[in-house]
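[1] can you look at this prediction? I've put the sequence above it.
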Amino acid sequence: MNTMGQTMQEMMQQMNAMMQNAEMMNNPQMKEHMEQMQKHMQEMMQAMEGMIQNMEQMHQSGGTEKGKK
């Protein structure tokens with residue numbers, strides 16, 4: 001799970017670096033495109049975190065169910 005989070009963080013860092021480069025180029029279209037990409041990445045991050053939490057909850061409840069039987 002940690003490696004996935006790290007990979008996503010690295011992608012976000014790369015996105016941020018690209019954002020800064022786009023701003024330095026001062027290209028409005030590129031900047032807008034990068035902002036859209038960053039927003040999309042953040043939405044994906046939130047979705048991934050939700051999926052990971054659900055998987056952990058399922059794993060925990062699954063473990064306790066087996067223990068009861």
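    Okay, I see it.
[2] for the closest residue to residue 37 other than its chain neighbours, helix, strand, or coil?
    The shortest distance from residue 37 to any non-neighbouring residue, by C-beta to C-beta, 6 or more residues apart in numbering, is to residue 15 (6.4 Å). C-beta coordinates here come from the backbone N, C-alpha and C atoms, glycine included. Secondary structure state of residue 15, per DSSP: H, G, I helix; E, B strand; the rest coil, is helix.
[3] residue 15 and residue 60, how far apart?
    Distance of residue 15 to residue 60, given as C-beta to C-beta, to the nearest Å: 33 Å.
[4] and for the residue nearest to residue 37, the neighbour number?
    A count of nearby residues for residue 15, using other C-beta atoms under 10 Å, gives 16.
[5] I'd say it and residue 41 touch.
    Yes - using C-beta atoms under 8 Å, residue 15 and residue 41 qualify as a contacting pair, with a distance of 5.7 Å.
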